[in-house]
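# This is a predicted model, with the sequence first.
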Amino acid sequence: MATTAPHTPEGRARTPGGPGARERTPAALAALVPRLREICGADGVLTDLSQRRVYESDGLTYHRSTPGVVVMPTTTDQVASVIRLCAEHGVPYVPRGAGTGLSAGALPHSEGVLLVTSRMRRILEIDLDNECAVVEPGVANLDITRAAAPHGYYYAPDPSSQQVCSVGGNVAENSGGAHCLKYGFTVNHVRGLEIVTPSGEIVELGGKAPGAHGYDLIGAFVGSEGTLGVATRITVSLTRAPEKTVTLLSAFTSLDAGGQAVSAIIAAGVLPSAIEMMDALAIEAAERAVACDYPAGAAAVLVVELDGPAVEVDAQLERVTALCADAGSFETRAASGAEERALIWKGRKSAFAAVGRISPAYIVQDGVVPRTALGEVLGRIAALSAESGIRVANVFHAGDGNLHPLVLFDDAEPGAGERAEEVSGAILDLCIEHGGSITGEHGVGVDKACKMPRMYDDASLETFDLFRRAFDPAGIANPEKLLPTPRLCGERPGVRTGVHPLVQSGEAEQF
Ligand SMILES: Cc1cc2nc3c(=O)[nH]c(=O)nc-3n(C[C@H](O)[C@H](O)[C@H](O)COP(=O)(O)OP(=O)(O)OC[C@H]3O[C@@H](n4cnc5c(N)ncnc54)[C@H](O)[C@@H]3O)c2cc1C
């Protein structure tokens, strides 16, 4: 997978725990291999370099590191035994689902264990009475919908990677998708979790009944990027399939007009299940890659999906068509059937990979801004692009302000990669400046850990760290991800020591 093309792979490869890709499993780790084989079976432990290299990056191929050893457990007990062994020997471990992450969250540790859930992919239960499913973490997102569809249900969170990404990875990243505008993110659909903590304890959080009392530990675990433990069993809500779904494509001669249509739709009180926007460059790429038949000459297209009771959808369709026309749309068409609907979505969902058709290399950025700031931020991105000579294609979830600028460059051109990175970083600054965030849905991982201090002050980062250490005092669970550890990205890593600033100022007590 190469959603982000590595412009100088060797020069830029980063290896937590040591420089360069490690050829041999380190001796301390090699000593644990017989025990790991006892736990996971001989075929569940990979030590050959060629096999370990398969796992050296996730979807963000820009960061690479060869894992010390790869284990593929098949049960919760095996996961717990592997983690207990790691805890006993102070060995770091990194959980990995399908490896589609775009923030290097599953980047292996060269002196640690990569714990892959790909052999834990059973759908354990479809419980229609309670409208939920119980699954193992390695199950692909779309497989839940496939299992529920014959009963008139589906699983709502739908990242564009849904055919392959794992539910465990979705939980760890709190993944979103096109339909999150109406249905919410992964966190809104997880009712229960069985997790293995970084000390190897098996813990149940929540269950089939929605809602819980006390601290929302499921809420804390979802989005924790493997730093609080490994999810080994997941109970998710199933959503009843709507009576009617209509997908609409609307074309504009400017991004601004498309943006005005989005605001008008929301202001009119219509809540589409999705509003996606693509600019001219992204349309060009999608057309070349999948011939999606978007209107010629469009500077922006909106993909709007409406679902619900048929009468409501019909009324909304009329309203949205009129609002798009008022905002300046020169063509709006509703898909006439399943085939046309699929083609409209194919254009949108293939957009990341499609830019490979118009640029030798690119960086997928991910940031979010309040919806009202979209117009201003897109204008500033266009200005950045013009100043730097770096093209930026925009594909985004317009309904919730989640931007995915694709920063295009030619890796054969000296300095182009660095300029693209600068533009990419400047876009994140723009997001923060406008009250948004450095990541909308792709997580922090290794890639953005050093950017966390741009959003959070010291006290907040210390609080996050205290929370993390409550689960993982030894610092072995996916180290160097999510939080800038060490705080200043460059200090020596280690367990947090010293007094929390809030404790020091007398605002909080530590027990
Ligand atoms: C083409 C493409 C389109 C994408 N579209 C979207 C999108 O629309 N929305 C979106 O949100 N994301 C999207 N993504 C990003 C990615 O698919 C999601 O982040 C996804 O949730 C990652 O799942 P995974 O199984 O591949 O996880 P991995 O990449 O394997 O891991 C991701 C993180 O989860 C942790 N982890 C994995 N399994 C577990 C577990 N069982 N317990 C604890 N921690 C675990 C890992 O340590 C890592 O930190 C896209 C990616 C690609 C390549």
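Good, I have the coordinates.
# What is the distance between stretch 413-423 and the centre of its chain?
24 Å (Cα atoms, centre = their mean, to the nearest Å).
# How about stretch 183-196?
14 Å.
# Equivalent analysis for stretch 26-35, please.
On Cα atoms, centre = their mean, the centre of stretch 26-35 falls 32 Å from the chain's centre.
# end-to-end on it?
Criterion Cα to Cα, to the nearest Å; first-to-last residue distance in stretch 26-35 is 15 Å.
# And that stretch, what's buried?
26, 29, 32 (16 or more other Cβ atoms under 10 Å). C-beta: built from backbone N, CA, C; applies to glycine.
# Among those, which one sits closest to residue 420?
Nearest to residue 420 out of the buried residues of stretch 26-35 is residue 26 (Cβ to Cβ; 34.7 Å).
# before we move on, the earlier item: which of the buried residues of stretch 26-35 sits closest to the ligand?
Among the buried residues of stretch 26-35, residue 29 lies closest to the ligand (Cβ to the nearest ligand atom), at 18.3 Å.
# Is that closest one within a helix or a strand, and which one?
helix 27-30 (DSSP states H and E).
# Show me what the helix or strand following that helix is packed up against.
For helix 27-30, the succeeding helix or strand toward the C-terminus, using DSSP H and E, is helix 33-40. Secondary-structure packing of helix 33-40 (3 or more Cβ pairs under 8 Å, 6 or more residues apart in numbering; DSSP states H and E): strand 45-46, strand 69-71, helix 76-89.
# Dump these to a markdown table, plus mean neighbour count.
Formatted as a markdown table, the helices and strands packed on helix 33-40 follow (neighbours: other Cβ atoms under 10 Å):
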| stretch | mean neighbour count |
| --- | --- |
| strand 45-46 | 21 |
| strand 69-71 | 25 |
| helix 76-89 | 20 |
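# Make JSON lines out of those and add mean pLDDT.
Conversion of those to JSON lines gives the following (pLDDT from 0 to 100):
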{"stretch": "strand 45-46", "mean pLDDT": "98"}
{"stretch": "strand 69-71", "mean pLDDT": "98"}
{"stretch": "helix 76-89", "mean pLDDT": "97"}
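# Let me have the ones you listed in JSON lines, extended by distance to residue 463.
Shown next, in JSON lines, are these (distance: least, Cβ to Cβ, whole Å):
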{"stretch": "strand 45-46", "distance to residue 463": "38"}
{"stretch": "strand 69-71", "distance to residue 463": "33"}
{"stretch": "helix 76-89", "distance to residue 463": "24"}
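# Reformat the ones you listed as JSON lines; add distance to the ligand.
What follows is these, written out as JSON lines (distance: least, Cβ to the nearest ligand atom, whole Å):
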{"stretch": "strand 45-46", "distance to the ligand": "16"}
{"stretch": "strand 69-71", "distance to the ligand": "12"}
{"stretch": "helix 76-89", "distance to the ligand": "9"}
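# what's the helix holding residue 29 in contact with?
Applying Cβ atoms under 8 Å, 6 or more residues apart in numbering, the contact partners of helix 27-30 are 24, 47, 68-69, 89, 91, 111-113.
# And the residues you listed, which of them are buried?
By 16+ other Cβ under 10 Å, those give 47, 68-69, 91, 111-113 as buried.
# now the residue in the stretch 301-450 of the chain that the ligand sits nearest to: how far from residue 196?
Proximity of the stretch 301-450 of the chain to the ligand (Cβ to the nearest ligand atom) peaks at residue 441, 3.4 Å away. Relative to residue 196, residue 441 is positioned 25 Å away (Cβ to Cβ, to the nearest Å).
# Please say which of these two ends up with more neighbours.
residue 196 (26 against 23; other Cβ atoms under 10 Å).
# Having no further points to raise, I will conclude here.
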